[in-house]
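Asker: Quick one, structure for this:
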Amino acid sequence: MGEEVITAADAHRLYSELHALKKRADEARRAVRQGYSQEAVVRALRADPYSIERFRGQAISDWVPEAPEKARVPRDADVVWALVCLWSKWAGEQEPNRQYWSDLVEKAQPVGSHARRVQAKEPTQGGSHGAASNETGDPRLRSAIRKVFRLLHSCTQRGAPQIYDGIIRDWLGEDSDLLGQVIGYLSARQLIARSVKPNCLTFVPGLPNFELTEQGRTLGADPL
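Answerer: Sure, this is the predicted structure:
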């Protein structure tokens, strides 16, 4: 499983999305007192329905270390897809969008390189009708992202920069099942970041929030 050190913006975006998803899977497992470890990931990916027999736990340390500057770009798009499906399942989220993740991996590759595809069973976690996770493919998700972004920015301007993810879930209402995807989208673009407070699941709108708003008040090229 070859890889290159992450340097480009697209590569950092892939890292951010993988890192955020890994955290959600970890937290969800711990919340129900189920262990999370690289060994558990390896066992799950080598079994059905994934059947990635040659997956090694070191790949997780290489792809999503805590220090972004140490991250390496994965080259096997299908292996990344299996990992994303597993973590999404553990996080209790809807099945992800395969094309979205394939594009992330492809765009993250160094110039002149292409992501390798390996033979693997495609995991199934339910119908694909709820899977769209890119910003234009799912109108409901896009609306949820914009709603949360507006409210986060409003709270920040009123002097309340730290928002519990439970509050964000309440904001989403009937769309609360999209919480993980909304947070993943915004954190990957550095519009929010996890607080360093121990034992607190908070999200802190960052400076790009203001920069984005002041430079045209747009999100995804549409006026807010």
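Asker: Any chance of the backbone angles for the spatially closest residue to residue 38 that is not a sequence neighbour?
Answerer: The spatial neighbour of residue 38 that comes closest, neighbours along the chain excluded (C-beta to C-beta, 6 or more residues apart in numbering), is residue 57 at 3.4 Å. (Glycine included, C-beta is placed from N, CA and C.) Its backbone dihedrals place residue 57 at phi -60, psi -30, with angles given as degrees, to the nearest 10.
Asker: Just confirm residue 57 contacts residue 40, I think it does.
Answerer: No - taking contacts as C-beta atoms under 8 Å, residue 57 lies outside contact range of residue 40: 9.3 Å.
Asker: low-scoring stretches of this structure, by residue?
Answerer: Counting by pLDDT under 70, the ranges of the chain that qualify are 1-8, 111-137, 156-157, 159-161, 188-190, 193-224.
Asker: can you list the domain ranges for it.
Answerer: With automatic domain parsing serving as the domain definition, the record reports that the chain contains domains spanning 3-130, 139-223.
Asker: number of nearby residues for residue 47?
Answerer: In terms of burial, residue 47 registers 11 neighbours under the definition other C-beta atoms under 10 Å.
Asker: Strands of this structure, start to end?
Answerer: Here the chain has its strands, by DSSP state E, at 3-5, 72-74, 163-164, 192-194, 202-205, 218-219, 222-223.
Asker: all helices for the protein, in order.
Answerer: Per DSSP state H, the chain has helices spanning 9-31, 38-46, 58-63, 77-90, 98-108, 139-157, 165-172, 179-188, 207-214. These are given in chain order.
Asker: Just want the angle from the first one to helix 77-90.
Answerer: This means helix 9-31. Angle of helix 9-31 versus helix 77-90, following axes from the mean of the first three to the mean of the last three C-alpha atoms, to 10 degrees, is 40 degrees.
Asker: Kindly report the same for the fifth one.
Answerer: Between the axes of helix 98-108 and helix 77-90, defined by the same axes, to 10 degrees, the angle is 130 degrees.
Asker: how about the CA coordinates for helix 98-108, as PDB?
Answerer: Coordinates of the C-alpha atoms in helix 98-108 are reproduced here as PDB (Å, rounded to 0.1, in the frame of the first residue of the first chain):
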ATOM      1  CA  ARG A  98     -18.400   5.900  -2.800                       C
ATOM      2  CA  GLN A  99     -17.900   8.400  -5.600                       C
ATOM      3  CA  TYR A 100     -17.200  11.200  -3.200                       C
ATOM      4  CA  TRP A 101     -14.500   9.200  -1.300                       C
ATOM      5  CA  SER A 102     -13.000   7.900  -4.600                       C
ATOM      6  CA  ASP A 103     -12.700  11.500  -5.800                       C
ATOM      7  CA  LEU A 104     -11.100  12.600  -2.500                       C
ATOM      8  CA  VAL A 105      -8.500   9.800  -2.800                       C
ATOM      9  CA  GLU A 106      -7.800  10.500  -6.500                       C
ATOM     10  CA  LYS A 107      -7.400  14.300  -6.000                       C
ATOM     11  CA  ALA A 108      -5.100  13.800  -3.100                       C
END
